[in-house]
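Participant: When you get a sec, could you give me coordinates for this:
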Amino acid sequence: MNKLEIVILAAGEGKRMRSRLPKVLHKLAGESLLERVVKTAQSLEPEQIHVVYGHGGECVPEALAHLPVQWVLQVEQKGTGHAVIQAMPKIDDAATVLVLYGDVPLAAKSTLDAVVAKVDGTSLGLLTVELANAKGYGRIVKQENGSVLAIVEERDASPEQRKIREINTGILAVQASTLKGCLNGLGNANAQGEYYLTDCIAAAVADGITVETVHPHSEEEVLGINDCQQLARLERYYQRQQANGLMANGVTLFDPARIDVRGELRCGQDVVIDVNVIFEGRVVLGDAVCIGANTIIRNAEIGAGTVIQANCVIEDAIVGRETRIGPFSRLRPETRLADAVHIGNFVEIKKSVVAQGSKINHLSYIGDSEVGSGVNIGAGTITCNYDGVNKFKTTIGNDSFIGSGTQLVAPVTVGDGATIGAGSTITKDTPKGQLTLARARQQLVKGWQRPKKKL
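Facilitator: Numbers count the residues shown, from 1 in each chain. A predicted model of the protein is given here:
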């Protein structure tokens, strides 16, 4: 097959989104529509991907500057045919051109492969689908023998043509030389005064090119997004597909309709996930991990047998095996928990390492710290790691016991086996195996009376 060049049309305004953000930058499953299309395009291993942008100016290429694409500016939006024309000068005549759309995010690789496979010197591939309600779409007009004759946009269709249910998705593949010839002959004598890419079909047929149609596995593959309702519909479809895949691999979902996967989720055996759980980025769950309701996990690895109770937030963290977290716990970036660690309710850990078997069970903040094994940190303990400019490290030795309400003012080291009395403010290193207290003597103020409001 000739080398493949892909053109993605992403210049539209998307007025019905009612947003300042260009339509293709709106997100589905945590990723912009255009980036999702580009990733699918990359899976086809093309020679080059050309993205035609226009509305929103440079904000689209600036927002997605990391994508390996050739950006092509369409200064004036004069229709899909005009948009493709902008990309054609950099495409060799012998190449196969696949046209995709930045607002059609769920087309499958297998479907697009089938479209491209239809292309040779005498035929082109066209992706079509039958809809129960074809309103608003260009209709596929066929001859009596079933071969495609033309595509007629609804605004220009006759009443009889509007009864046709097979519609044009806009996705097609054709040899570049054929496409260039068709584009050169485009006119704009239509209701919109635009240059339609769809008119190339009739032109190709007139030149003796056969139009070979391909159908997707589901209509959601080819649905475009023009408003927030359509975006929500495809989001739910995508999430249900993710849920079905998880359950097919043995994951127990308490409610498949209430899970969101906004990235890559890998699960071991016997994983259980409660309702309203969101996974973002790359998440790995080991065997027999249990995730409680209303939890958000982003870019994290959770070891086998760990239980994360309800209402936790875990981000850029690594959690060991047989660990217990929550409820209402937060693990912030660069947190590393070893095996059999307990992190309890309303505990926040940030940029810290907690070794095996340690417990931080209640109402504590541990930041920029290294916590040894077998440590018990009492309720209300905080590491004071920030002076307003600099951050400092706290080191807590193995088998230490930190009493409730303690403040550890970094930089400070608590020795192995040390005990810190409740309510202490520790500003200096404490010795191994010793009890350290740092609190004011309790006093009784005789005769003192609580102030009262004047009536």
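
Participant: Check which helices and strands the helix or strand where residue 170 lies sits against.
Facilitator: Taking DSSP states H and E as the definition, one finds residue 170 inside strand 166-175. Helices and strands touching strand 166-175, by 3 or more Cβ pairs under 8 Å, 6 or more residues apart in numbering; DSSP states H and E, are strand 96-101, helix 109-117, strand 123-130, strand 139-142, helix 199-206. (Each C-beta comes from the backbone N, C-alpha and C, glycine too.)

Participant: Following element in sequence after the fourth one, please.
Facilitator: Yep, that's strand 139-142 we're talking about. With secondary structure assigned by DSSP H and E, strand 139-142 is succeeded by strand 148-152.

Participant: for the last one, same thing?
Facilitator: The first helix or strand that comes after helix 199-206 along the chain, using DSSP H and E, is strand 210-214.

Participant: and that following strand, what does it pack onto?
Facilitator: helix 109-117, strand 123-130, helix 199-206.

Participant: What is the neighbour count of residue 440?
Facilitator: 7 (other Cβ atoms under 10 Å).

Participant: and among the helices and strands packed on strand 166-175, the most buried is which?
Facilitator: Comparing the helices and strands packed on strand 166-175 by mean neighbour count (mean count of other Cβ atoms under 10 Å), strand 96-101 comes out on top with a mean of 26.

Participant: which strands and helices sit next to it?
Facilitator: Contact here means 3+ Cβ pairs under 8 Å, 6+ apart; on that basis strand 96-101 packs against strand 4-10, helix 33-43, helix 109-117, strand 166-175, helix 176-184.

Participant: okay if I get the helices and strands packed on strand 210-214 as CSV plus mean pLDDT and distance to residue 449?
Facilitator: CSV is the format used below for these (pLDDT from 0 to 100; distance: least, Cβ to Cβ, whole Å):
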stretch, mean pLDDT, distance to residue 449
helix 109-117, 97, 79
strand 123-130, 96, 82
helix 199-206, 90, 91
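
Participant: what's the closest non-adjacent residue to residue 437?
Facilitator: Among residues not flanking residue 437 along the chain, residue 421 sits closest, at 4.0 Å (Cβ to Cβ, 6 or more residues apart in numbering).

Participant: Convert the C-alpha atoms of the strand holding residue 170 to PDB, please.
Facilitator: Extracted in PDB, the C-alpha atoms of strand 166-175 (Å, rounded to 0.1, in the frame of the first residue of the first chain):
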ATOM      1  CA  GLU A 166     -27.600   5.700   5.500                       C
ATOM      2  CA  ILE A 167     -25.500   8.800   6.200                       C
ATOM      3  CA  ASN A 168     -22.000  10.100   5.600                       C
ATOM      4  CA  THR A 169     -19.700  10.200   8.500                       C
ATOM      5  CA  GLY A 170     -17.200  12.400   6.700                       C
ATOM      6  CA  ILE A 171     -14.400   9.900   7.100                       C
ATOM      7  CA  LEU A 172     -12.900   8.800   3.900                       C
ATOM      8  CA  ALA A 173      -9.700   7.500   2.400                       C
ATOM      9  CA  VAL A 174      -8.500   8.100  -1.200                       C
ATOM     10  CA  GLN A 175      -5.400   8.400  -3.300                       C
END
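
Participant: residue ranges with poor pLDDT in the stretch 1-150 of the chain?
Facilitator: Scanning the stretch 1-150 of the chain for pLDDT under 70 picks out 1.

Participant: how long is stretch 45-55 end to end?
Facilitator: For stretch 45-55, the first and last residues are 28 Å from each other (Cα to Cα, to the nearest Å).

Participant: Please apply the same query to stretch 388-401.
Facilitator: Between where stretch 388-401 begins and where it ends, there is a gap of 28 Å, by Cα to Cα.

Participant: Repeat that for stretch 367-380.
Facilitator: This stretch, stretch 367-380, spans 14 Å end to end (Cα to Cα).

Participant: which SS state does residue 413 fall under?
Facilitator: Recorded secondary structure, residue 413: strand (DSSP: H, G, I helix; E, B strand; the rest coil).

Participant: May I have the residues that are in contact with it?
Facilitator: Contacts for residue 413 (Cβ atoms under 8 Å, 6 or more residues apart in numbering) come out as 394, 395, 396, 397, 429, 430.
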